[in-house]
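# got a predicted structure here, sequence first:
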Amino acid sequence: MQKFFRRNLAGYAFLSPWLIGFFLLAIGPILASLYLSFTKYNVVRPPQWIGLDNYAYMVQFDQRFWKALQVTFQFVVISVPLKLIFALGVAMALDKGIRAIGWYRALFYLPSILGGSIAVAILWRQLFNYDGVINSILRLFGGDGPYWLADPKFSLWTLIVLAIWQFGSPMLIFLAGLRAIPQELYEAAEIDAAGPVKKFFAITVPLLAPVIFFNLVLQMIEAFKSFSGAFIISGGSGAPLDSLLFFTVYLYNEAFSFLRMGYASALAWVLLLIIAAFTAIAFWTSKYWVHYENERG
Amino acid sequence: MSKLTRRTFLGASGSVLALAAIGRPAFAQSTEIRHFWWGNPERDKRTFAVIDIFNQKNPDIHVTGETLGFADYFTKLTTQIAGGNMPDVIQQGYGVLFEYIANGAIVPLDDYVGKSLDISKMDQSAIDAGTVDGKFYALSIGANSHMAMFNTRLFEEAGIVPGETFDPYGYTYDELAEFAAAIKQATGVPGTDDNTADYQNFSDFVVQKGAMLFNEDGSYGPTQEIVEEYWSTWEKIRNAGGTPPGPESASLAGVSDLAQMGVVTGKTAMTYLWSNQLVGVQSLMQDKLGAAMYPNTPDMVPGSIVQPSQFVCLTRDSANPEAATAYMSAFVNDLDMTAVLGLERGIPSQSEVREALQPKLTEVEALSVEFFDKIQGKTAVLPPPPPSGSNEVEQTFERLAVNVLLGERSIPEVASDFLNQARAILARA
């Protein structure tokens, strides 16, 4: 035991800023929110223990809770695969030797740096406004664009496009994964007269599977938690007609607009459980499609 | 050697730092007071100027200002309540004030009245409006009412002359439908904002129809018929071409930013706001604004109320209530300070201040005083403060009204949905 500790001391020392932050800043609020989720708490008055009432109300009576789940699932299910396909496509294009490739990589990564920011969400709102840039371009070609943001049929799609646009980080990871695939495999396939499609599905996808899986899990969690875009574009309320009522936006509204901190804490724990469940499902299915090179058996 | 010395050194320098930290307040010359308000660029400019004047006159007190837009104001206040670090002096409105009092975030001022806080020249009505259960909590900055602001140039171009072709202090929805469409015909700009999702206009309409927003027992007042009639009334104006298309108005539902109002962006000729916002709106546009009451039904039952526009309140987190109330007192009584504030927060509730302002009014301020004179006798009585949950009912109204603007569901269906949800919210609050 002592030996183990001495051997790993340096590791823990390097970890310490994170560990201290975790125990001092994260564990406390996490436990507090678990406790608050069983209370009625309006911030000013002390919390009042009500057992499972928050959870029962949520499931039985709260229509907006179900709507928020629906919107969030829709967003995750549509945006994550599209974003990964897009990221993989760009990564494969950049994998070929192009001049000034460093510039292209930086350029494509840029939206991911900016993407989560409020400024970009505001910019997005301007672009998709009825009088915005997108509709101006459509008008040049004689079309009349819809009310992207005010029409519940389109509003979620603007956010999906915003999410796909931030494909930079999965792209970089894909790029690293592509580089790790031995070139001999492609050469051998070429000798066997395999076309690009065949090569993609027989070599690239299987060998990239661990990376695809990693990106999938990461982006899924990210998508479940996404907040700022929907918050800014919907004016903080999930409008129009709750079509942008992301789970986090609803949670924020309950907490800060209506001062139901206890209920909002319960919502936060439900979101945590949902994300945990989906991650577990992803890991379980991965047994059937992800194979690691160093796997035995 | 090295280990020991380093530790000693660290310990020593640490305690020096700690000493310095403890020592600071004792050396400080002044008492710190924080004032937090929601604003717009015009109000922020004036309020910071007022704080400078106060700090110069009171070297022993140092006031600092914090400001945010209305949309984020209460969010920040909530986190400050949770953290126990609310500013000493905060701005409050008539709607939510009472929830803060009920929850103990705002403390009574009675102990300071006659000492650091002078209310001897305040209007009795303003004092009454800030009094709950016999305790005086909230110092009114000014009086306020609902006002329709219109672009005089566009009205003129369409030949709509206030006082001749329409009476700004008594016009009906039918007349509004007519001249709004006429303005669209003549100028290409729709005559009015679409208030289908505007809760202020709706609350006026409810009173004009002889009901109350909240009944004596706290239950929700509007009936199915009233909600349906309100939305049909606006539908008629919309169908006559007097407003922008429904989806365009839907994108503005619940927006409180003055810069996005139809009259400012030039997308409509008339926007419905609070009278004290006239100064702020005029500062955002070139064309001159005119002022009118909200439209009415042919019966002309008063629907608008005159209410305190804003209060300043003392929070329970204030460490220096004497200094904070002295600042609040100066904010409503000091003639140099109130001269800078002008009418931006409403018509002042202190008689001397009003008199002092009179000769120096700008054109737009004179207009808002004229508006107040003209609406005398045409307003309804101030109802009791709204119950908890009213804020959520308001947001639900705005949200569901979008169904009507987009033509997604029929008016009767949305109306009954809204009333069901409103009742459920009030039962849960």
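Arrived safely, thanks for sending.
# and B:G241, how many neighbours?
When neighbours are counted by other C-beta atoms under 10 Å in any protein chain shown, B:G241 registers 17. No exception for glycine: its C-beta is placed from N, CA and C like everyone else's.
# secondary structure class for it?
coil (DSSP: H, G, I helix; E, B strand; the rest coil).
# ok, it - contacts?
Contact partners of B:G241, counting by C-beta atoms under 8 Å, 6 or more residues apart in numbering or on different chains, are B:180-181, B:184-185, B:190.
# can you list the weak-confidence ranges in the chain?
This is for chain A. A:1, A:97-98, A:115-116, A:293-297 (pLDDT under 70).
# wrong one, I was asking about chain B
B:1-30.
# so who does B:L97 touch?
B:106, B:137-138, B:311, B:313, B:385.
# near chain A, which residues of the stretch 301-429 of chain B show up?
Residues of the stretch 301-429 of chain B lying close to chain A by C-beta under 8 Å from any C-beta of the partner chain are B:391-392, B:395, B:398-399, B:402-403, B:406, B:408, B:424.
# how about a cut-off of 10 Å?
Applying C-beta under 10 Å from any C-beta of the partner chain, we find that the stretch 301-429 of chain B lies next to chain A at B:316, B:388-389, B:391-392, B:395-396, B:398-400, B:402-403, B:405-406, B:408-409, B:421, B:424-425, B:428-429.
# narrow these to those in helices?
B:391-392, B:395-396, B:398-400, B:402-403, B:405, B:421, B:424-425, B:428 (DSSP state H).
# just send these back as CSV, with neighbour count too.
As requested, these are arranged in CSV below (neighbours: other C-beta atoms under 10 Å in any protein chain shown):
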residue, neighbour count
B:N391, 18
B:E392, 21
B:Q395, 18
B:T396, 19
B:E398, 19
B:R399, 22
B:L400, 22
B:V402, 26
B:N403, 23
B:L405, 28
B:Q421, 18
B:A424, 15
B:I425, 20
B:R428, 15
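# and the two most separated of the residues you listed?
Longest distance between any two of these is 27.0 Å, between B:L405 and B:R428; criterion C-beta to C-beta.
# the stretch 1-150 of chain B against chain A: which residues are in contact?
Counting by C-beta under 10 Å from any C-beta, the positions of the stretch 1-150 of chain B adjacent to chain A are B:71-72, B:74-83, B:99-100, B:102-106.
# and the residue of the stretch 51-200 of chain B closest to chain A?
B:N103 (3.5 Å; C-beta to the nearest C-beta).
# circling back: turn the contacts of B:G241 into JSON lines, columns for neighbour count, distance to B:D60 and secondary structure.
Shown next, in JSON lines, are the contacts of B:G241 (neighbours: other C-beta atoms under 10 Å in any protein chain shown; distance: C-beta to C-beta, whole Å; DSSP: H, G, I helix; E, B strand; the rest coil):
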{"residue": "B:A180", "neighbour count": "27", "distance to B:D60": "56", "secondary structure": "helix"}
{"residue": "B:A181", "neighbour count": "20", "distance to B:D60": "62", "secondary structure": "helix"}
{"residue": "B:K184", "neighbour count": "22", "distance to B:D60": "60", "secondary structure": "helix"}
{"residue": "B:Q185", "neighbour count": "12", "distance to B:D60": "64", "secondary structure": "helix"}
{"residue": "B:P190", "neighbour count": "26", "distance to B:D60": "56", "secondary structure": "coil"}
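# what packs against the host helix or strand of B:G65?
In this assignment (DSSP states H and E), B:G65 forms part of strand B:61-68. The contact analysis (3 or more C-beta pairs under 10 Å, 6 or more residues apart in numbering or on different chains; DSSP states H and E) places strand B:61-68 against strand B:31-38, helix B:41-57, helix B:70-83, strand B:89-92, helix B:321-333.
# pull the CA atoms of the fourth one into CSV?
Output of strand B:89-92 as CSV, limited to C-alpha atoms (Å, rounded to 0.1, in the frame of the first residue of the first chain):
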residue,chain,number,x,y,z
VAL,B,89,-30.0,49.1,-2.7
ILE,B,90,-32.0,47.4,-5.4
GLN,B,91,-34.6,48.5,-7.9
GLN,B,92,-37.9,46.7,-7.9
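# after that strand, which helix or strand is next?
On the C-terminal side of strand B:89-92, the closest following helix or strand by DSSP H and E is helix B:97-102.
# tell me the strands beside the strand holding B:G65, with direction?
Here strand B:61-68 is paired, per DSSP bridges, with strand B:31-38 (parallel).
# by proximity to chain B, which residue of the stretch 151-297 of chain A wins?
With C-beta to the nearest C-beta as the measure, A:F256 is the residue of the stretch 151-297 of chain A nearest to chain B, at 4.4 Å.
# OK, contacts around the residue lying closest to that residue once chain neighbours are set aside?
Of all residues not flanking A:F256 in the chain, B:T75 sits nearest, at 4.4 Å (C-beta to C-beta, 6 or more residues apart in numbering or on different chains). Residues near B:T75 by C-beta atoms under 10 Å, 6 or more residues apart in numbering or on different chains: A:236, A:252, A:255-257, B:68.
# any idea where the strands of the stretch 201-350 of chain B begin and end?
For the stretch 201-350 of chain B, applying DSSP state E, counting those that start in this stretch gives strands covering B:270-274, B:289-292, B:307-314.
# so which of those strands comes closest to B:T362?
Nearest to B:T362, of all the strands of the stretch 201-350 of chain B, is strand B:289-292, at 12.3 Å by C-beta to C-beta.
# hmm, who's touching that closest one?
Strand B:289-292 is contacted by residues B:147-153, B:155-156, B:160, B:162, B:166-171, B:176, B:263-264, B:269-272, B:275, B:278-279, B:281-282, B:363-364, B:367-368, B:370-372, B:374-375 when judged by C-beta under 10 Å, 6+ apart.
# save the strands of the stretch 201-350 of chain B as JSON lines, and put in mean neighbour count too.
Output for those, formatted as JSON lines (neighbours: other C-beta under 10 Å):
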{"stretch": "strand B:270-274", "mean neighbour count": "22"}
{"stretch": "strand B:289-292", "mean neighbour count": "22"}
{"stretch": "strand B:307-314", "mean neighbour count": "24"}
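# tabulate these (TSV), appending distance to A:F141.
TSV is the format used below for the strands of the stretch 201-350 of chain B (distance: least, C-beta to C-beta, whole Å):
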stretch	distance to A:F141
strand B:270-274	34
strand B:289-292	39
strand B:307-314	49
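# before we move on, back to that, show me the two of the contacts of B:T75 that sit farthest apart.
Across these (C-beta to C-beta), the longest gap, 17.5 Å, separates A:A255 and B:L68.
# following the one helix or strand A:S136 maps to, which helix or strand comes up?
Using DSSP H and E, A:S136 sits in helix A:133-140. Next in sequence after helix A:133-140, counting helices and strands by DSSP H and E, comes helix A:155-165.
# what packs against the helix or strand following that next one?
Sequence order places helix A:168-179 as the next helix or strand after helix A:155-165, per DSSP H and E. If contacts are counted by 3+ C-beta pairs under 10 Å, 6+ apart, helix A:168-179 sits against helix A:63-95, helix A:101-115, helix A:205-225.
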